[in-house]
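Novice: need coordinates for the below:
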Amino acid sequence: MQIKPSANIRQNYNEIAELCRATGEPIFLTKNGEGDLVVMDIDTFTRREKMLKLREELLAVEEDRLAGRTGYTPDELERYLDGIIAGA
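Specialist: Residues are numbered from 1 along each chain as shown. The predicted structure is shown next:
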């Protein structure tokens, strides 16, 4: 984890951007010694967003399972989709 003063981004934008890309880690910026912002490259941000979405979906499936709600087996899903396609 990198921590930098917020003035550093104004003075050394290219250095901060390269550090983000090279490490794939967010950089924490401080203002007056307190946490202020987090900066990361777009690839890292996109990857984290996809991971969060997948975790949300997995939690929803697990909640359904624990509540006794059932889903479909792959074979059931295939038959269902085949029926829809045949009816179209």
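Novice: so where do the helices sit in this structure?
Specialist: Secondary structure of the chain by DSSP state H: the helices cover 7-11, 13-23, 42-66, 74-87.
Novice: closest to residue 32 out of these?
Specialist: helix 7-11 (10.5 Å; CB to CB). Backbone N, C-alpha and C define where each C-beta goes, glycine included.
Novice: could you give the mean pLDDT of the closest one?
Specialist: Averaging pLDDT along helix 7-11 yields 84.
Novice: ok, residues contacting that helix?
Specialist: If you take CB atoms under 8 Å, 6 or more residues apart in numbering as the criterion, helix 7-11 is touched by 16, 29, 39.
Novice: nearest to residue 45 among those residues?
Specialist: residue 39 (9.8 Å).
Novice: so that closest one bridges to which residues?
Specialist: residue 27 (DSSP bridges).
Novice: isn't it right up against residue 16?
Specialist: Yes: at 6.5 Å, residue 39 counts as touching residue 16 under the criterion of CB atoms under 8 Å.
Novice: hey, what's in contact with both of the two?
Specialist: 9, 27.
Novice: can you tell me the centre-most residue of this structure?
Specialist: Centroid-nearest residue in the chain: residue 49, 1.9 Å away (criterion: CA atoms, centre = their mean).
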